[in-house]
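Asks: next one to model:
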Amino acid sequence: MPRGRSTFTKRQKEQARQQKQRDKNERKTQRKEDKPEGVVVDEAEEMREMRELAEAQAALFRIGNEDDEDPSSGPLPIPHAIKALDR
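Replies: Residues are numbered from 1 along each chain as shown. Presented below is the predicted three-dimensional model:
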């Protein structure tokens, strides 16, 4: 019994869909293989960067207290962004 035209086109569409799915899975696998496994972290370098950032942040708080010798003598200034959140 011969197959009709619609059966042929359905089969073609299904084969195309399966091929697209295989291609997609192949691209996904390729991306996973190309992706670096893990970044090696140098703990000493990371600690140095954290110290530098902490010093920079501390310097921001000391801007208004340049004439004070003892920073614990008064309240710390509150950054404008935090003040806005309290309102």
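
Asks: what mean pLDDT does stretch 23-40 have?
Replies: Computed over stretch 23-40, the mean pLDDT rounds to 84.

Asks: give me the contact list for that stretch.
Replies: Identification of contacts with stretch 23-40 by Cβ atoms under 8 Å, 6 or more residues apart in numbering yields no residue at all. Every C-beta, even on glycine, is put in place using the N, C-alpha and C of the backbone.

Asks: need the helix or strand of the protein with the lowest average pLDDT.
Replies: helix 80-86 (a mean of 55; mean pLDDT, DSSP states H and E).

Asks: count of neighbours near Phe8?
Replies: 10 (other Cβ atoms under 10 Å).

Asks: also Phe61?
Replies: Around Phe61 there are 13 other residues, counting by other Cβ under 10 Å.

Asks: give me the element it is part of.
Replies: helix 43-62 (DSSP states H and E).

Asks: gap between Glu52 and Ala16?
Replies: In this view, Glu52 and Ala16 are 56 Å apart by Cβ to Cβ, to the nearest Å.

Asks: sorry, slip of the keys, the one I care about is Arg51.
Replies: 59 Å.

Asks: repeat for Gln57
Replies: Distance, Gln57 to Ala16, by Cβ to Cβ: 58 Å.

Asks: looking at this structure, which helix is longest?
Replies: If you go by DSSP state H, the chain has its longest helix at helix 5-34.

Asks: so which bits of that helix are buried?
Replies: Within helix 5-34, no residue counts as buried by 16 or more other Cβ atoms under 10 Å.
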